[in-house]
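K.L.:
Give me a model of this one.
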Amino acid sequence: MIIGLLEADISIPESRSLKDKRQVIRSLKDRILNAMNVSVAETGRQDARQFAEMAFVTVSAQKEVVEKRLSAVQQVLQSNPRMVLLDMRMEIL
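P.N.:
Numbers count the residues shown, from 1 in each chain. Presented below is the predicted three-dimensional model:
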């Protein structure tokens, strides 16, 4: 069993309130959950209106599958115009 973890620090510069932030985060989570076989959670900075820490996890029997899924998540994060990807860490266990 191979476990993949992708942690991302995200900035949401146009967010004026926690409601705005949650809308962006919810949209991101829904998009990823519907398109990919990964779990996602906001893991930190829940009270900061312009920042979020997110974690994405996937499990497979093959390392290549895990890497492919996390790369797809990475592409979604980098291509979202409503947020800026500040930092990202990937770990394969």
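
K.L.:
Residue 12 against residue 50, yeah?
P.N.:
Yes. The criterion here is Cβ atoms under 8 Å, and residue 12 meets it with residue 50 at 5.3 Å. In this view, the C-beta of every residue, glycine as well, is placed from N, C-alpha and C.

K.L.:
quick one, which of the two is more surrounded?
P.N.:
residue 12 (22 against 18; other Cβ atoms under 10 Å).

K.L.:
Skipping its backbone neighbours, what lies nearest the residue nearest the centre of the chain in space?
P.N.:
Nearest to the mean C-alpha position of the chain, by Cα atoms, centre = their mean, lies residue 54 at 4.9 Å. Nearest non-adjacent residue to residue 54, counting by Cβ to Cβ, 6 or more residues apart in numbering: residue 8, 4.8 Å away.

K.L.:
before we move on, what about residue 93?
P.N.:
Excluding the flanking residues, the one nearest residue 93 by Cβ to Cβ, 6+ apart is residue 3, at 4.4 Å.

K.L.:
tell me, what's touching residue 12 and residue 50 both at once?
P.N.:
Counting by Cβ atoms under 8 Å, 6 or more residues apart in numbering, the shared contacts of residue 12 and residue 50 are residue 21.

K.L.:
how about the residue nearest to residue 54, what does it touch?
P.N.:
Shown in contact with residue 8 (Cβ under 8 Å, 6+ apart): 53, 54, 55, 56, 77, 85, 87, 88, 89.

K.L.:
Mind checking which of those residues land in helices?
P.N.:
The helices, defined by DSSP state H, take in residue 77 from those.

K.L.:
Tell me which other helices or strands the helix or strand harbouring residue 73 touches.
P.N.:
Using DSSP states H and E, residue 73 sits within helix 63-79. Packed against helix 63-79 by the contact rule (3 or more Cβ pairs under 8 Å, 6 or more residues apart in numbering; DSSP states H and E) you find strand 2-11, helix 18-35, strand 51-60, strand 84-92.
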